[in-house]
Structure formats: structure tokens, C-alpha cells
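Chemist: pasting the structure only:
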């Protein structure tokens, strides 16, 4: 902090940060209907590469789906057991729960 900054803070003249800092853990990618925000810190293990969680906004309020890191696409599907499969490269994530009754 410089002397000028200290003087401004002491006088109450320092401007507050009005804009939130950008989230370094998000990458913006072009999705099927516009920009999607891929969370680099939220991954699910896939057989060929991780699936990253994608959000509709940078605020992470609305989860959109998954981004396949193996072929860099959003074109994938998820079933009721949590299994995710990429429709382009066949990368897949095993189900979250498994029960022999489902076989």
C-alpha cells in the first residue's frame, strides 16, 4: 500500500470494489444455445477423461449439464443412476449407485 492509498483510506475516499472478481475456476465455452460456464473445480471421473459440470451463468445458479474433456463437447446424456455418456467419443462415467436389481 502506498502512502497515497493509506491517506485515501484514512479519509474514506477509497472507491469500493463494485464488481465481483472473476471466478478463475470457470471457463466460458460456446454451448448449443449460447455461452456456458464450465467449472474446472467440479469434475466427475470418466473412462477417457473427466466430465466437468457446466452452468448456464457464471454465478453457478443453474446447473446445465456436463462438458466432456476428452472431445470438448456438451453432447452427452445422463441416466437416472448418474451414469454419463458422451454421444461423440463414448467417454462414460460409471453410475453413482449400483444395484444388482438394475441388471
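Modeler: Ah, there it is. Computed from a prediction, not measured in an experiment: that's the story for all the values here.

Chemist: Could you use CA atoms for every contact and neighbour count after this?
Modeler: Noted.

Chemist: what residue is smack in the middle of this protein?
Modeler: Computing the C-alpha centroid of the chain and ranking residues by C-alpha atoms, centre = their mean puts residue 39 first, at 1.9 Å.

Chemist: what are the ranges of the helices in the protein?
Modeler: Counting by DSSP state H, the chain has helices at residues 3-11.

Chemist: how about the residue nearest to residue 26 when sequence neighbours are not counted, what does it touch?
Modeler: Excluding the flanking residues, the one nearest residue 26 by C-alpha to C-alpha, 6 or more residues apart in numbering is residue 39, at 4.6 Å. Neighbour list for residue 39: 25-27, 52-55 [criterion: C-alpha atoms under 8 Å, 6 or more residues apart in numbering].

Chemist: how near is the residue nearest to the centre of the chain to residue 61?
Modeler: For residue 39, the distance to residue 61 equals 12 Å [C-alpha to C-alpha, to the nearest Å].

Chemist: residues shared between the contacts of the two?
Modeler: residue 55.

Chemist: who's in contact with the residue nearest to residue 54 when sequence neighbours are not counted?
Modeler: Closest residue in space to residue 54, ignoring its immediate chain neighbours: residue 38 at 4.3 Å, by C-alpha to C-alpha, 6+ apart. Residue 38 makes contact with 26-29, 52-55, 67, according to C-alpha under 8 Å, 6+ apart.

Chemist: what would those residues look like in TSV with pLDDT?
Modeler: Output for those, formatted as TSV (pLDDT from 0 to 100):
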residue	pLDDT
26	94
27	94
28	95
29	96
52	97
53	96
54	97
55	96
67	97
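
Chemist: among the residues you listed, which ones are buried?
Modeler: Burial by neighbour count, 16 or more other C-alpha atoms under 10 Å: within these this picks out 26, 29, 52-55, 67.

Chemist: Next step: those restricted to strands.
Modeler: Among the buried ones among the contacts of residue 38, DSSP state E puts 26, 29, 52-55, 67 in strands.

Chemist: Just send the residues you listed back as JSON lines, with distance to residue 77 too.
Modeler: As requested, these are exported to JSON lines (distance: C-alpha to C-alpha, whole Å):
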{"residue": "26", "distance to residue 77": "22"}
{"residue": "29", "distance to residue 77": "18"}
{"residue": "52", "distance to residue 77": "13"}
{"residue": "53", "distance to residue 77": "13"}
{"residue": "54", "distance to residue 77": "13"}
{"residue": "55", "distance to residue 77": "16"}
{"residue": "67", "distance to residue 77": "11"}
